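> Sequence first, predicted coordinates after that:
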Amino acid sequence: MAGLAEHENLFKRRCKWVNGPLIVGAGPSGLAVAACLKEHGVPFVILERSSCIASLWQNRTYDRLKLHLPKQFCQLPKLPFPDDFPEYPSKNQFIDYLESYARHFQLNPQFDETVLSAKYDSTCGMWRVRTAVGRRQAVGRKAEAEYICQWLVVATGENADCVIPEMEGLEKFGGWAIHSSDYRSGEAYRGKQVLVVGCGNSGMEVAFDLCHHNAFPTMVVRDSVHVLPRETLGRSTFELAVSLMKWLPLKMVDRVLLALSWMTLGNIEKLGIKRPSQGPLELKNTQGKTPVLDIGALSKIKSGEIKVVPGIKRFLHGKAELVDHTIIDVDSVILATGYRSNVHSWLQGTDFFNKDGFPRHPFPNGWKGSSGLYAVGFTRRGLSGASLDAVKIAEDIGRVWKEETRQAKHIIACHRRCTSQN
Ligand SMILES: Cc1cc2nc3c(=O)[nH]c(=O)nc-3n(C[C@H](O)[C@H](O)[C@H](O)COP(=O)(O)OP(=O)(O)OC[C@H]3O[C@@H](n4cnc5c(N)ncnc54)[C@H](O)[C@@H]3O)c2cc1C
Ligand SMILES: NC(=O)C1=CN([C@@H]2O[C@H](COP(=O)(O)OP(=O)(O)OC[C@H]3O[C@@H](n4cnc5c(N)ncnc54)[C@H](OP(=O)(O)O)[C@@H]3O)[C@@H](O)[C@H]2O)C=CC1
Ligand SMILES: O=C(O)C(=O)Cc1c[nH]c2ccccc12
């Protein structure tokens with residue numbers, strides 16, 4: 001009976017055959033794979049839950065945001081940034097580039113379509129992907145669709161959902177409490193005591209922006225973090241690290257980076273910011289924890305404009321109690337507590353992804369699963385990692401596509417010959 005009900009559901013949904021791969025997500029990763037597939041002559045469908053490309057960049061970032069790696073590490077395959085872009089493009093320049101990238105390659109994602117589930121059907125050797133069609137905020141029942149495809153490319157990103165930790169008493173706090181992805185600028189916080197929870201790149205940059213709007217930020221550093229200057233000796237620290245990696249082992253590069261950071265930033269432990277025991281690149285590679293590339297927050301911490309406090313024990317009305325039992329006044333809270341992958345909420349029946357929604361096999365082996373499954377943008381290596389994945393995936397699918405097309409043409413030609421002879 002369950003089988004019959006499932007069949008009836010299938011007929012109620014719109015069912016579509018995808019000629020080529022189905023790509024889930026129209027962020028930089030999904031766009032990069034699609035552009036590379038175009039170059040190989042492979043058709044595809046891109047599904048995107050929001051109403052625009054690169055929704056993380058367009059809808060969930062603050063105004064002050066700039067790329068924090070130099071531009072050559074952030075451009076997508078096959079189309080470089082315009083020559084007049086600065087070393088660190090602004091968020092709007094990056095969005096303009098992505099829009100022109102999508103136009104140039106005529107990628108045309110299907111917007112407002114959220115993938116609800118995807119499962120490999122071994123009886124037909126195809127992926128079955130269920131979606132909800134319509135705006136996320138739309139009221140009423142949404143239409144559903146089902147796609148059948150040979151290849152499934154997961155491009156939903158490392159930052160698909162916000163991490164909002166459970167914090168005792170937050171419901172009693174009474175003031176504004178938002179995630180950093182909802183923060184645009186410090187304009188609305190002028191003169192306010194703002195508690196920024198988290199000290200990754202988002203926490204640091206939000207606290208820095210708040211200073212520029214005459215708010216009074218206090219940043220929670222519950223554990224440890226690496227802070228590196230964005231530039232060392234007039235050169236990008238990241239670029240320097242990439243160059244050193246060609247000659248030195250990772251641990252040695254970490255030591256050089258830490259020595260150079262000490263020269264530029266001084267001893268940050270004196271400011272209440274403990275450094276992790278692993279080096280910055282080692283920590284990024286093993287745990288995915290990105291070092292902070294400082295654009296000015298540290299000097300605000302030194303000057304006392306940004307205060308640093310240890311972890312939070314609980315919230316009270318208009319206040320926060322810290323783990324050292326100090327109680328501080330707080331008008332607003334910004335949770336710069338990071339993001340997580342959402343792959344587990346929709347991809348079923350495969351152990352290719354681990355419990356955190358990242359490929360089980362780390363870089364450079366996490367881009368290809370079995371049965372036509374691929375992952376792009378889960379290398380914890382930012383946009384350059386996504387570009388590397390995209391090129392490999394398109395080559396791999398392109399090879400099979402070419403062979404299958406050749407075989408299909410051969411069969412059609414044989415069929416034509418047979419029918420013309422009879
Ligand atoms: C604030 C911020 C700044 C960053 N700056 C840099 C930088 O300077 N340099 C760098 O290299 N990296 C940077 N990163 C890393 C970042 O991960 C990449 O920049 C990039 O956005 C990743 O692209 P993506 O396409 O993999 O993921 P995303 O940009 O997150 O795109 C994924 C897309 O999938 C869609 N999606 C998710 N779930 C579904 C579903 N179920 N159905 C349909 N669609 C779905 C989402 O709506 C989204 O549009 C930054 C990240 C953040 C948060
Ligand atoms: N300019 C740029 O290009 C920018 C890039 N980014 C990138 O975006 C990605 C996400 O960055 P970000 O949003 O900062 O997230 P991260 O995951 O890097 O940082 C989250 C922070 O929140 C802290 N945290 C989590 N839960 C709690 C809690 N309950 N109490 C106290 N602290 C908590 C974490 O501490 P702990 O480590 O102890 O868990 C950590 O300091 C990164 O890759 C980053 O590099 C972000 C902003 C700007
Ligand atoms: O900004 C990010 O989140 C990135 O992942 C970019 C990035 C890739 N490798 C790094 C090493 C050090 C600092 C940032 C990055």
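That came through fine. Ligands and ions are numbered 1, 2, ... in the order given.
> What parts of the chain come near ligand 3?
68, 69, 238, 284, 290, 291, 293, 381, 382 (Cβ under 6 Å from any ligand atom). To be clear about C-beta, it is placed using only N, CA and C from the backbone, and glycine gets the same treatment.
> Just give me the closest of the residues you listed to ligand 3.
Closest approach between the residues of the chain next to ligand 3 and ligand 3, by Cβ to the nearest ligand atom: residue 382, at 2.9 Å.
> Count residues in the vicinity of whatever residue of the stretch 201-350 of the chain ends up closest to ligand 2, would you?
Residue nearest to ligand 2 within the stretch 201-350 of the chain (Cβ to the nearest ligand atom): residue 338, separated by 2.7 Å. When neighbours are counted by other Cβ atoms under 10 Å, residue 338 registers 21.
> ok, it touching residue 198?
Yes - look at residue 338 against residue 198 with Cβ atoms under 8 Å: they come within range, at 6.7 Å.
> so is the closest residue to residue 32 other than its chain neighbours in a helix, a strand, or just coil?
Spatial nearest neighbour of residue 32, excluding adjacent residues (Cβ to Cβ, 6 or more residues apart in numbering): residue 390 at 3.7 Å. Here residue 390 is recorded as helix under DSSP: H, G, I helix; E, B strand; the rest coil.
> for the one 5 residues further on, same thing?
Under the three-state scheme (three-state DSSP), residue 395 adopts helix.
> okay, now it: neighbour count?
For residue 395, the neighbour count with other Cβ under 10 Å is 13.
> Test my guess that it contacts residue 40.
Yes - at 7.3 Å, residue 395 counts as touching residue 40 under the criterion of Cβ under 8 Å.
> Tell me the pLDDT of residue 276.
pLDDT for residue 276: 97.
> So it belongs to a strand, correct?
No - Residue 276: not assigned to a strand; according to three-state DSSP it is coil.
> ok, residue 146 - how many residues close by?
Neighbours of residue 146 (other Cβ under 10 Å): 17.
> Actually, residue 198.
Counted with other Cβ under 10 Å, the neighbours of residue 198 add up to 24.
> my read: it touches residue 220, true?
Yes - using Cβ under 8 Å, residue 198 is in contact with residue 220, at 6.7 Å.
> which residues do residue 338 and residue 198 both contact?
Shared contacts of residue 338 and residue 198 (Cβ atoms under 8 Å, 6 or more residues apart in numbering): none.
> which bits of this structure sit near ligand 1?
Checking the chain against ligand 1 by Cβ under 6 Å from any ligand atom, the hits are 24-30, 47-50, 54-56, 61, 65, 67-69, 74, 114-115, 155-160, 202, 342, 346, 377, 382-383, 386.
> ok, and of the residues you listed, which contact ligand 2?
Among those, proximity to ligand 2 is found for 65, 67, 68, 202 (Cβ under 6 Å from any ligand atom).
> Output the residue of the stretch 251-400 of the chain whose distance to ligand 1 is smallest.
Closest point on the stretch 251-400 of the chain to ligand 1, by Cβ to the nearest ligand atom, is residue 382, at 2.4 Å.
> Then the chain?
As assessed by Cβ to the nearest ligand atom, ligand 1 sits closest to residue 27 within the chain, at 2.0 Å.
> what about that residue, neighbour count?
For residue 27, using other Cβ under 10 Å, the count is 24.
> ok, now which ones touch it?
By Cβ under 8 Å, 6+ apart, the neighbours of residue 27 are 53, 54, 55, 56, 57, 155, 156, 157, 377.
> Quickly note the distance from the closest residue to the fifth one other than its chain neighbours to residue 35.
Taking Cβ to Cβ, 6+ apart as the measure, residue 57 lies nearest to residue 95, with 5.4 Å between them; neighbours along the chain are not counted. Note on residue 95: its distance to residue 35, by Cβ to Cβ, to the nearest Å, is 16 Å.
> How about residue 57?
Counting by Cβ to Cβ, the gap from residue 57 to residue 35 is 17 Å.
> picking up where we left off before, for burial, what's the neighbour tally of the residue nearest to residue 57?
Residue 95 has 17 neighbouring residues, counting by other Cβ under 10 Å.
> tell me the secondary structure for it?
helix.
> the strands in the stretch 101-250 of the chain, which residues?
113-121, 126-133, 143-149, 152-154, 161-162, 176-179, 193-197, 216-220, 227-229, 231-232, 235-236 (DSSP state E, counting those that start in this stretch).
> For residue 90, what are phi and psi?
phi -80, psi 170 (degrees, to the nearest 10).
> That one - nearest residue in space that isn't next to it in sequence?
The nearest residue in space to residue 90 (Cβ to Cβ, 6+ apart) is residue 66, at 5.1 Å.
> quick one on the thing from earlier: next one, pLDDT for the residue of the stretch 201-350 of the chain closest to ligand 2 please.
98.
> check contacts around it.
162, 163, 198, 200, 202.
> Residues contacting stretch 65-83, please?
Here stretch 65-83 makes contact (Cβ under 8 Å, 6+ apart) with 28, 31-32, 35-36, 39, 85-91, 94, 97-98, 100-101, 104-105, 201, 205, 230, 236, 238-239, 242, 293, 295, 382-384, 386-387, 390-391.
> And for stretch 249-258?
228, 232, 237, 240-241, 244-245, 248, 275, 279-282, 285.
> Now a ChimeraX select for only the buried ones of those.
Only the buried entries of the contacts of stretch 249-258 go into this ChimeraX selection, using 16 or more other Cβ atoms under 10 Å:
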select :228,232,237,240,241,244,275,279,280,281,282,285
